[in-house]
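K.L.:
Sequence first, then the predicted structure, then my questions.
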Amino acid sequence: MKRTVPVLIAACLAMALAVRGQVKSLPREDVIEVPVIGKRLCVHNLFQSNMVVQRDKPIVVWGWADPGEIVTVSFGGNEQEATAGQDRSWKVTLPSMPADSEAQKMTISGKTERLTLDNVLVGDVWVVGGQSNMQHPLSRVEDGQLEIVSANFPEIRLLTVPAMIDNKEKKNFPRLYRWEGNRHEREGDWDVCSPDTVREFSAIGYVFGRRLHMASRAPIGLIDASRWGTTVEAWTPLTVLKAMDSEVVRAQLAEWEEKVTGWDAQRDLDQRIERYNQRMADLKKQGKSPAGNPPSDLRPGPETNQNYPGNCYASMIAPIAGFAVKGAIYHQGFNNSRADAATFYYQVFPGMISAWRAAFSDPTMAFGIISLCTDGTPQTLDNYDECMMNFGIYVREAQYKTFLDLYRAGDGNIGFASSFNLRRAWYHPQQKIPAGERIARWALATQYGFGDSVHWKPPMVMETELRDGKILLHLDNEVGSEDSQAIAGFAISGSDRKFQPARAECLVIGTDSRNRPRLDRKVLLLSSPYVPNPVHFRYAWGRNPMGNLRAFHTNRRDVAFATQRSDDWEYWEVAHLEPPADKDTPPPSQEEVREVLRFIDLERRIRDAEQVLETDKQRYEESRKTLR
């Protein structure tokens, strides 16, 4: 993400950096880059004026100097020194400190130089990661302008990690200063949160941090390490992926290696020139004037693709590894919405979480998952089964299953929030403010001591029971519908694997003093006239799904029942299509499956219409008799 500041300020900043010897020119070029490692005494680019350091954890500071140079770091009344090694690196560890909103100075002193970082706070630092729906800036979301003009929080600090993608793990990130016309844009700087600096920051990240700060009053540092169009494997270290005993992961790695082996930069250039020439010829035939120059650059190979396995981790997480943080939140999944999603994502995602925790030297680090958001045509009773064919649903399921596995294994720092019911028909739904608020519920309840008043955990299925042609779901919390209407979003199937929309209702356990039914809201009954012997259920099984079930009590009504299923059928099995004959045969396509599911929808709609028509005929005949 980018920061904008007036050109004059940018020029002064670049001049100051030039005086320090960290940039080679004043702002006359399109891009100025503060080097990752300076030639003289320097500190890692995480350490800047306006930063937040993590409270209640040892404060590790590191950088580079001349070999053998003694470097002294002073902060908060504490001082430590280290000697730079032959590789010029040095590192000191200062004692932990409690949260402190008072601005302090950190000094880094060497043999002849002294660096001073001003306006440093002690509080909680959170990493916000994922792809474009996490990266989506506050200026482009619903009600974002209201948040922008209200963003006067000097104790919230914002940093966006520049996306300098390749396949080698980086030790640092650059600080970039770009000129585009009369605008100066920065990446890699800590900013004090204000209406001017927050505009292009992650909307979800800012709203999350804003809510934490408002409740805890502690300074909050937010590090945005998100990148549009990326996959879960790109955010996982390549070494971790290679160590996985997984056929689908090995297949994905082999596919990338085949691309690398087959890459020919000159052939790629020749093909691009050929396409360019063809476009120019087409324009001339249309009587249009060709414009632009033919391509002449040799492009790098697939190993530099942002989705080459491990690349985003190497380029955006590894550079900040070792920095003490409170936790991370993560929102991603669109680019993993492919045929292997059900297995691949579920196997890789836990490894990614573990790798991030290891990167920040905290195996129990708080980690909050925001499930994949909506996209596409809304699911209705008319297109119910057709909308069940979308690979993004399997990503959403894998995210929830990963959370459940860790939570049930005793991980008290894993969190989850659904976003599917923040419905929009675009894959960049602009409902980001509620998503940030939802994951903030989890953090406030589990990390800030508000668990008695803030509820975050989605209602969970504790037991599934088959009884009298119904499926009974026994839950750990009371549930109700979002709009006090009939519960929607469930489907059930018999052993024929043909899912039908289900009627869902709470178990009736008697009547009250006014003869109204008393409900056990921890038990749901699922049934359908078209499924006499159900064996499995699915909920919110659509990319833009029906689904209005949530926690029942007033202060919990923003907590949705998550996308889930009880079966493990492959996507083509629900359409009764044949599986691939062997590993070299591609599975049935999404469209083949959808065609069968459309037929199931049509079949059900005809039966529904026939039933309605028969009922109306009976009512019509009764009315005729009465009117005579």
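P.N.:
Looks like it arrived, so ask away.

K.L.:
what sits against the nearest residue to residue 566 once chain neighbours are set aside?
P.N.:
If the residues on either side of it in the chain are set aside, residue 566 comes closest to residue 536, at 4.7 Å by CB to CB, 6 or more residues apart in numbering. Heads up, the C-betas are built off the backbone N, CA and C, glycines and all. Under the criterion of CB atoms under 8 Å, 6 or more residues apart in numbering, the contact list for residue 536 reads 471, 492-493, 565-567, 569.

K.L.:
Mind doing that once more with 7 Å?
P.N.:
By CB atoms under 7 Å, 6 or more residues apart in numbering, the residues touching residue 536 are 492-493, 565-567.

K.L.:
and what of residue 52?
P.N.:
Contact analysis of residue 52 by CB under 7 Å, 6+ apart lists 121, 123, 125, 157, 219-221.

K.L.:
at 8 Å what do you get?
P.N.:
With contacts defined as CB under 8 Å, 6+ apart, residue 52 is in contact with 120-125, 157, 190, 219-221.

K.L.:
avg pLDDT for the strand or helix carrying residue 593?
P.N.:
In this assignment (DSSP states H and E), residue 593 forms part of helix 590-627. Averaging the model's pLDDT scores along helix 590-627 yields 91.

K.L.:
Mind giving me the packing neighbours of it?
P.N.:
strand 500-501 (3 or more CB pairs under 8 Å, 6 or more residues apart in numbering; DSSP states H and E).

K.L.:
Name the strands paired with the strand it packs on and say parallel or antiparallel.
P.N.:
The pairing partners recorded for strand 500-501 under DSSP bridges are strand 490-493 (antiparallel).

K.L.:
Spatially central residue for the chain, please.
P.N.:
The central residue of the chain, meaning the one whose C-alpha is nearest the mean C-alpha position (CA atoms, centre = their mean), is residue 331 at 0.9 Å.

K.L.:
In contact with that one, which residues?
P.N.:
129-131, 133-134, 204, 226, 370, 373, 419, 435.

K.L.:
Residue 473 now?
P.N.:
Going by CB under 8 Å, 6+ apart, residue 473 touches 461, 463-465, 523-524, 526, 537.

K.L.:
quick one: it from residue 502, how far?
P.N.:
As for residue 473, its distance to residue 502 is 11 Å (criterion: CB to CB, to the nearest Å).

K.L.:
Find the residues that touch each one of those two.
P.N.:
With CB under 8 Å, 6+ apart as the test, residue 473 and residue 502 both reach 526, 537.

K.L.:
partners of the residue nearest to the centre of the chain in the sheet?
P.N.:
When bridges are assigned using DSSP bridges, the partners listed for residue 331 are residue 130, residue 370.

K.L.:
Look up how far residue 284 lies from it.
P.N.:
47 Å.

K.L.:
Next: residue 219.
P.N.:
Taking CB to CB as the measure, residue 219 falls 62 Å from residue 284.

K.L.:
With residue 276 instead?
P.N.:
Computed as CB to CB, the residue 276 to residue 284 distance reads 13 Å.

K.L.:
what do you get for residue 365?
P.N.:
For residue 365, the distance to residue 284 - CB to CB - is 60 Å.

K.L.:
the more surrounded of these two?
P.N.:
When neighbours are counted by other CB atoms under 10 Å, residue 365 comes out ahead of the other of residue 365 and residue 284, with 20 against 11.

K.L.:
The closest residue to the more buried one other than its chain neighbours: what secondary structure?
P.N.:
Nearest residue to residue 365, sequence neighbours excluded (CB to CB, 6+ apart): residue 357, at 4.5 Å. Three-state assignment for residue 357 (DSSP: H, G, I helix; E, B strand; the rest coil): helix.

K.L.:
how many neighbours does residue 357 have?
P.N.:
18.

K.L.:
With residue 214 instead?
P.N.:
Residue 214: 13 neighbours (other CB under 10 Å).

K.L.:
Same check on residue 513?
P.N.:
Applying other CB under 10 Å, I find that residue 513 has 5 neighbouring residues.

K.L.:
phi, psi of it?
P.N.:
phi -60, psi -20 (degrees, to the nearest 10).

K.L.:
if I've got this straight, residue 196 is in a helix?
P.N.:
Yes - read with three-state DSSP, residue 196 is one of the residues of a helix.

K.L.:
ok, it to residue 222 distance?
P.N.:
From residue 196 across to residue 222, the span is 16 Å (CB to CB).

K.L.:
out of these two, which sits in the more crowded spot?
P.N.:
Taking other CB under 10 Å, residue 196 and residue 222 do not tie; residue 222 has more neighbours (29 against 14).

K.L.:
Can you report how many residues neighbour residue 521?
P.N.:
Around residue 521 there are 16 residues (other CB under 10 Å).

K.L.:
excluding its backbone neighbours, what's nearest it?
P.N.:
Closest residue to residue 521 in three dimensions, ignoring its sequence neighbours and counting by CB to CB, 6+ apart: residue 478, at 3.7 Å.

K.L.:
Now name the helix or strand holding residue 373.
P.N.:
Under the criterion DSSP H and E, no helix or strand holds residue 373.

K.L.:
Tell me which residues touch it, please.
P.N.:
Contacts of residue 373 were listed using CB under 8 Å, 6+ apart, and they are 133, 331, 419-420, 422, 424, 427, 429, 431, 435.

K.L.:
For the residue lying closest to residue 549 once chain neighbours are set aside, which residues are in contact?
P.N.:
In space, and not counting its chain neighbours, residue 549 is closest to residue 561: 4.0 Å by CB to CB, 6+ apart. With contacts defined as CB under 8 Å, 6+ apart, residue 561 is in contact with 418, 458-459, 479, 539-540, 547, 549-550.

K.L.:
can I see the domain layout of this protein?
P.N.:
Residue ranges of the domains in the chain are recorded as 461-569, 578-628, according to automatic domain parsing.

K.L.:
The residue lying closest to residue 302 once chain neighbours are set aside is in what secondary structure piece?
P.N.:
Leaving out its chain neighbours, the residue that sits closest to residue 302 by CB to CB, 6+ apart is residue 259, at 4.2 Å. For residue 259, the host element (DSSP H and E) is helix 247-261.

K.L.:
got a list of contacts for that helix?
P.N.:
Judged by CB under 8 Å, 6+ apart, the contacts made with helix 247-261 from elsewhere in the structure are 233, 241-242, 244, 301-303, 308-309, 340, 343-344, 347-348.
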